[in-house]
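[1] One predicted model, sequence on top.
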Amino acid sequence: MVNFEYKSEYDVSDFRKIIEVLRSPGGCPWDIEQTHESLRRNLLEEAYEVCEAIDQKDPPHLREELGDLLLQIIFHSRIEEEKGSFNLDDVADSSCKKLIFRHPHVFGNVGVSGSDEVLRNWDELKRKEKAQTTVVKTMTDVAESLPALWRAEKIQKKAKKVGFDWPEVGGAMDKLKEELEELTEAQAEADKAHIEEELGDLLFAAVNVARFSDIDPETALHRSCEKFIRRFEYVEKEAEKNGRELENMSLEEMDALYNAGKQKE
């Protein structure tokens, strides 16, 4: 039994203590074995689960998922604390200093006219802070670990800030059509590397259209996934009603049911 004070309610300091206990000799063998690398996927999954709770507008679920995400942050900080590198307080210190530096209109004497100017100042201060002296540096600093659609959108916005953008969505639509034609040509060549290249260009162009339309490309694709599942559920249920198995149906038969389900929406 570890030396730990049990309470009716706990706070963040208790959270840190629990992780410390779990990682200490006599703690949990699994927790002791973990590294930044082994926990990397857990961190991403927990962040996405927080987003799901937000989308569901479910406060109790959000509270739970924020706790799971905080666990990851405390855990990673503890790993570094054991190395003598930094601890959770150092993480908080860095973030506090960053917030103060990037809000001179609150913590300094800079005046702003509204949110748009706040964002412009934020970007300028961020570039100074990170020594981003070129546009390309601002692009390469966009994390490669981001979902590709979000990364593409952020890179495109960097280009837009210096005027490298179409004046209206029509230019983006024309580019999308052009990339589709090039993908079609690559498919005809049956060259996998060329197909991959042109498919990437097509997706990048599609993100541009989404950006012009003020649509989150990740959200749009997720909704299309849900729509496909919903329509395929209709296919499966109708096949079952008719005593059919999908594996024994032709594509034409399934497509007819899919379109029927589409008409019922």
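    Received it, and whenever you're ready, just let me know what you need. Numbers count the residues shown, from 1 in each chain.

[2] how does this structure divide up, domain by domain?
    For the chain, automatic domain parsing gives the domain ranges 12-86, 89-129, 220-263.

[3] okay, these in a markdown table with mean neighbour count next?
    Quick note: C-beta positions are derived from backbone N, CA and C, even for glycine. Output for the domains of the chain, formatted as a markdown table (neighbours: other CB atoms under 10 Å):
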| stretch | mean neighbour count |
| --- | --- |
| domain 12-86 | 14 |
| domain 89-129 | 12 |
| domain 220-263 | 12 |
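
[4] need the least confident one among those, by mean pLDDT.
    Note on the domains of the chain: lowest mean pLDDT is at domain 89-129, with a mean of 89.

[5] And it, end to end?
    21 Å (CA to CA, to the nearest Å).

[6] nearest spatial neighbour of residue 101, skipping sequence neighbours?
    residue 125 (6.4 Å; CB to CB, 6 or more residues apart in numbering).

[7] likewise residue 15?
    residue 74 (5.7 Å).

[8] how close does the one you found get to residue 12?
    8 Å (CB to CB, to the nearest Å).

[9] and if you look at residue 155?
    Relative to residue 12, and taking CB to CB, residue 155 is found at 36 Å.

[10] cool, residue 94 as well?
    Residue 94 is 17 Å from residue 12, by CB to CB.

[11] ok, now residue 21?
    For residue 21 relative to residue 12 (CB to CB), the value is 15 Å.

[12] before we move on, what about residue 259?
    54 Å.

[13] how about the helices in the chain?
    12-23, 29-33, 36-55, 59-83, 88-102, 104-107, 115-129, 135-140, 148-160, 169-189, 192-212, 217-241, 251-263 (DSSP state H).

[14] what are the C-alpha coordinates of the last one, in CSV please?
    Written as CSV, here are the backbone C-alpha positions of helix 251-263 (Å, rounded to 0.1, in the frame of the first residue of the first chain):
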residue,chain,number,x,y,z
LEU,A,251,-22.6,-3.5,-57.3
GLU,A,252,-25.5,-2.3,-59.4
GLU,A,253,-28.0,-3.8,-56.9
MET,A,254,-26.3,-2.2,-53.9
ASP,A,255,-25.9,1.1,-55.7
ALA,A,256,-29.6,1.1,-56.4
LEU,A,257,-30.4,0.7,-52.7
TYR,A,258,-27.8,3.3,-51.8
ASN,A,259,-29.5,5.8,-54.2
ALA,A,260,-32.9,4.9,-52.8
GLY,A,261,-31.6,5.6,-49.3
LYS,A,262,-30.2,8.9,-50.5
GLN,A,263,-33.6,9.9,-51.9
